[in-house]
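# Below are the sequence and a predicted model for it; my questions follow.
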Amino acid sequence: MRIRYTTAKNGSAVKQAVVYSKEEHGIPVADVDVDALKIIRRLRGGGYTAYIVGGAVRDLLLGKKPKDFDVATDASPNQIRKLFRNSRVIGRRFRLVHVFFHDKIIEVSTFRSENAEVFNNVYGAIEEDVRRRDFSVNAMFYCPVDQVLLDYVDGLRDLRARKLRPLIPLDRIFTEDSVRMIRAVKYSVTGGLRMVGPLRRQIRRSVDLLASCPPSRMTEELFKILQSGYASPIIAELQRYRLFQYVVPRMDAAMRDKAFSALVHERLQTLDRQKQIEDDQRRSRALAYFLCDYLYLKSEFGAMDRIPFQDAFADLKHVIAPITPANKDVQKALVFLVRRRKWYRAEGTI
């Protein structure tokens with residue numbers, strides 16, 4: 001383990017970051033996405049610094065296979081774009097670059113200034129960027145070329161202690177972005193992390209901030225949860241913190257019936273087990289498991305001999321509002337449920 005120092009105004013040495021070797025952090029470089037590695041090599045070849053960041057580093061340290069790899073660099077979006085023909089600059093309030101491969105998109109962002117407000121385009125140094133990240137376990141920088149882990153905020157120590165600690169001051173963390181409450185719950189469940197007391201209390205005080213969250217962002221968060229392999233325990237925690245009422249209000253209200261809630265969670269547990277075996281990314285299938293018991297038991301169509309498709313479709317769209325999945329995904333979910341109703345009736349399962 002090495003310590004990276006900087007110099008204070010008075011000339012004294014100040015600890016800046018801990019640098020862990022491959023033997024100390026234990027990340028197998030073979031677990032890194034090959035295209036993410038290519039991006040980092042090319043950026044370094046262009047004279048820039050570049051690291052894998054965020055949840056991918058956290059998951060690698062936990063021995064999990066990350067679903068997405070994000071890269072951060074000191075290159076500007078335009079400089080990144082010049083290095084990668086297969087890329088596109090996106091965003092207005094905060095510009096970043098998507099690098100396209102045949103089966104994936106890798107997001108490349110420029111280090112942000114500590115003075116940046118919410119999503120504004122103010123770039124800075126890596127030492128500032130780390131302070132813009134939400135939790136310490138998501139604020140580590142991993143270079144797969146040198147195989148070193150750069151840790152400015154004791155994130156590895158927190159991860160090994162199974163602790164979820166915020167980096168952004170509590171009076172700002174959720175007012176800047178209320179979705180961080182949902183993510184805190186998700187990280188806590190999926191990583192087996194214990195939220196520190198002040199974070200738990202701030203979530204309980206800030207619940208109502210989710211009311212103004214755009215439907216598009218809430219939709220993405222719900223599908224990330226349903227497709228995580230931990231849908232049931234995450235949603236149970238969202239219910240406990242009273243957050244789920246702002247994700248899917250009508251389903252939350254229906255699930256206040258404990259017997260019905262238990263059925264929905266049984267269905268989600270089945271989905272979770274299947275996700276552990278096969279990583280099925282079809283949103284329609286996730287919706288089918290989530291809405292199964294509502295359609296069969298709560299809606300007026302469940303007891304009908306023939307389910308009127310358009311009416312049932314409209315009802316499902318209504319019950320999951322403000323979530324806005326693609327119509328084709330809701331339609332496919334409904335087709336799946338209509339075809340399997342006889343098995344549900346026979347066995348209580350889909």
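In hand now; what should we look at?
# And the strands in the stretch 251-350 of the chain, which stretches?
Ranges of strands in the stretch 251-350 of the chain, per DSSP state E, counting those that start in this stretch: none exist.
# right, I mislabeled it, should have said the stretch 1-150 of the chain
Read by DSSP E, counting those that start in this stretch, the stretch 1-150 of the chain holds these strands, from start to end of the chain: 2-7, 13-20, 50-53, 70-73, 87-90, 96-101, 104-110, 140-143, 148-151.
# which of those strands has the lowest average pLDDT?
Of all the strands of the stretch 1-150 of the chain, mean pLDDT reaches its minimum on strand 2-7 (a mean of 71).
# Just the CA atoms of stretch 77-89, as CSV, please.
The C-alpha coordinates for stretch 77-89 follow below in CSV (Å, rounded to 0.1, in the frame of the first residue of the first chain):
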residue,chain,number,x,y,z
PRO,A,77,-15.8,15.2,-24.2
ASN,A,78,-14.5,16.6,-27.5
GLN,A,79,-11.1,15.1,-26.9
ILE,A,80,-12.7,11.8,-26.2
ARG,A,81,-14.8,12.0,-29.3
LYS,A,82,-11.8,12.6,-31.4
LEU,A,83,-10.2,9.3,-30.2
PHE,A,84,-13.2,7.1,-30.8
ARG,A,85,-15.1,7.1,-34.1
ASN,A,86,-17.7,4.8,-32.5
SER,A,87,-18.8,7.4,-30.0
ARG,A,88,-21.3,10.2,-29.5
VAL,A,89,-21.3,13.2,-27.1
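# ok, and for that stretch, which residues are buried?
Pro77, Gln79, Ile80, Arg81, Leu83, Phe84, Ser87 (16 or more other Cβ atoms under 10 Å). To be clear about C-beta, it is placed using only N, CA and C from the backbone, and glycine gets the same treatment.
# Pipe the strands of the stretch 1-150 of the chain into CSV and attach distance to Ser232 per row.
Shown next, in CSV, are the strands of the stretch 1-150 of the chain (distance: least, Cβ to Cβ, whole Å):
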stretch, distance to Ser232
strand 2-7, 42
strand 13-20, 34
strand 50-53, 29
strand 70-73, 27
strand 87-90, 33
strand 96-101, 32
strand 104-110, 27
strand 140-143, 29
strand 148-151, 32
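# Please identify which of those is closest to Asp280.
strand 104-110 (16.8 Å; Cβ to Cβ).
# Just name whatever secondary elements the closest one is in contact with.
helix 34-45, strand 70-73, helix 77-83, strand 96-101 (3 or more Cβ pairs under 8 Å, 6 or more residues apart in numbering; DSSP states H and E).
# Can you say which of those is packed in most?
strand 70-73 (a mean of 23; mean count of other Cβ atoms under 10 Å).
# who's in contact with that one?
By Cβ atoms under 8 Å, 6 or more residues apart in numbering, the residues outside strand 70-73 that reach it are 36, 39-40, 43, 48-56, 80, 106-111, 126, 129, 141.
# make it 10 Å
33, 36-37, 39-40, 43-44, 46, 48-57, 79-80, 83, 96-97, 99, 106-112, 126, 129-130, 133, 141 (Cβ atoms under 10 Å, 6 or more residues apart in numbering).
# what's near enough to touch the nearest residue to Arg58 once chain neighbours are set aside?
Using Cβ to Cβ, 6 or more residues apart in numbering and skipping the chain neighbours, the partner closest in space to Arg58 is Val137 (5.0 Å). For Val137, the contact set (Cβ under 10 Å, 6+ apart) comprises 54-55, 57-58, 61-62, 153-160, 162-165, 167, 187, 191, 193.
# mind showing which ranges of the chain have poor pLDDT?
5-14, 115-121, 345, 347-350 (pLDDT under 70).
# remind me, longest helix of it?
Longest helix of the chain, by residue count under DSSP state H: helix 258-277.
# of all the helices and strands packed on strand 104-110, which lies closest to Pro198?
Across the helices and strands packed on strand 104-110, Pro198 has its closest neighbour in strand 70-73 (27.2 Å, Cβ to Cβ).
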